[in-house]
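Undergrad: using only what follows, build the 3D model:
(one chain, ligands or ions: 1)
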Amino acid sequence: MSVMVNGVRYHVEQYGEGEPLLLLHGFTGSADTWRPFVPFWPDFRMMAVDLLGHGRTEAPKNAERYRIEHAATDLAALLDEWGVEQANVLGYSMGGRLALAFAVLHPHRVRRLLLESSSPGLKTEEERRARREADEVLARKIETEGVRSFVDDWEKLPLFATQQALPEPTRAAIRRERLRHTATGLANSLRGMGTGVQPSFWERLGELAMPVLLVCGERDEKFCRIAAQMHERLPNSELVCVKEAGHAIHVEQPGIFAKIVSEFMTKGEV
Ligand SMILES: C=C(O[C@H]1C=C[C@H](C(=O)CCC(=O)O)[C@@H](C(=O)O)[C@@H]1O)C(=O)O
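TA: Numbering: from 1, shown residues only. As a prediction, this is how the structure comes out:
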């Protein structure tokens, strides 16, 4: 289904009824990321969004429109459209950065926050500037050499090395999902919502009163380190480090990931 919010047409997939679970994919992903989990989560109302510049959601030409603050406002408008006052929000990687931004900027809309392999941004302006410059080079490469060439390089990043051990059909499905996007959408997502563009929310983690689940893969040392630092600053969080998994735990250990999420979502009333 498509929904117009704040001048942008979003594509959203909804499955099931029950506890609302807003699902936010990673860079180069889509709402389809979460479809394999429909059988695992029959008691949740899954609301899986194609984020700005991804999948069947519009790819605005103005990169400013992708800023994480604007994307968070869009999420609030989407929940309004569906009559959902407060939702559980699960984000993977870039989607986790947006989920965290949404929880900081719209805390009353988030019942539980679930973050897979994500971060609150970069702590220093020097790191952010360097990342913006690197992501601008990447954005131009996408625009000049095309999405296929970008995906060829992207899937070879060390961060995704553990995915080489996945069955070929699984790797092919991930590649198909990455290839589905437009150059404008991916390039402007980097320019507007990239890790170096968003504000750092490190100093605001202490504001988050809702229960937070942090999930990382034991073979993803970088994001396990980040998760451990977040765990120290969050007032009400738990950290799960999944064995035999890298950055994309939901792909590499789907059954374990589904169980971790279900158990967290069904803990006491919040
Ligand atoms: C390579 C780094 O950063 C990128 C890695 C992960 C994020 C992501 O969403 C990737 C999802 C996927 O391809 O499976 C992405 C983001 O948060 O926007 C980062 O650009 C890194 O080493 O930090």
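
Undergrad: what's the distance between the nearest residue to Glu155 once chain neighbours are set aside and Ile142?
TA: Leaving aside its sequence neighbours, Glu155 sits nearest to Arg175 (Cβ to Cβ, 6 or more residues apart in numbering; 6.4 Å). Heads up, the C-betas are built off the backbone N, CA and C, glycines and all. Separation of Arg175 from Ile142 (Cβ to Cβ, to the nearest Å) stands at 16 Å.

Undergrad: got it, and Pro199?
TA: The spacing between Pro199 and Ile142, counted by Cβ to Cβ, is 24 Å.

Undergrad: out of these two, which sits in the busier spot?
TA: The residue with more neighbours, out of Pro199 and Ile142, is Ile142; 25 against 17, by other Cβ atoms under 10 Å.

Undergrad: which strands and helices sit next to the helix or strand where that one lies?
TA: For Ile142, the host element (DSSP states H and E) is helix 125-145. Contacts defined by 3 or more Cβ pairs under 8 Å, 6 or more residues apart in numbering; DSSP states H and E place helix 125-145 against helix 147-154, helix 183-193.

Undergrad: please identify the deepest-packed of the ones you listed.
TA: Using mean count of other Cβ atoms under 10 Å, the stretch among those with the greatest mean number of neighbours is helix 183-193 (a mean of 23).

Undergrad: which other helices and strands contact that helix?
TA: helix 94-105, helix 125-145, helix 147-154.

Undergrad: now that helix: how far from the chain's centre is it?
TA: Distance of helix 183-193 from its chain centroid, counting by Cα atoms, centre = their mean, to the nearest Å, is 15 Å.

Undergrad: pLDDT on that helix, on average?
TA: For helix 183-193, mean pLDDT is 98.

Undergrad: then stretch 255-267?
TA: The predicted model assigns stretch 255-267 a mean pLDDT of 96.

Undergrad: also stretch 72-79?
TA: Stretch 72-79 comes out with an average pLDDT of 98.

Undergrad: check stretch 229-236 too.
TA: 98.

Undergrad: in that stretch, what counts as buried?
TA: Within stretch 229-236, the residues that count as buried by 16 or more other Cβ atoms under 10 Å are Met230, Leu234.

Undergrad: circling back: name the residues of the helix holding Ile142 that are buried.
TA: Result for helix 125-145 [16+ other Cβ under 10 Å]: buried residues Arg128, Arg131, Arg132, Asp135, Glu136, Leu138, Ala139, Ile142.

Undergrad: where does the chain dip in pLDDT?
TA: 268-270 (pLDDT under 70).

Undergrad: get me the contact residues on it for the ligand.
TA: Gly26, Phe27, Thr28, Ser93, Met94, Arg97, Leu157, Leu159, Thr195, Ala248 (Cβ under 6 Å from any ligand atom).

Undergrad: just the buried subset of the residues you listed, please.
TA: Gly26, Phe27, Thr28, Ser93, Met94, Arg97, Leu159, Thr195, Ala248.
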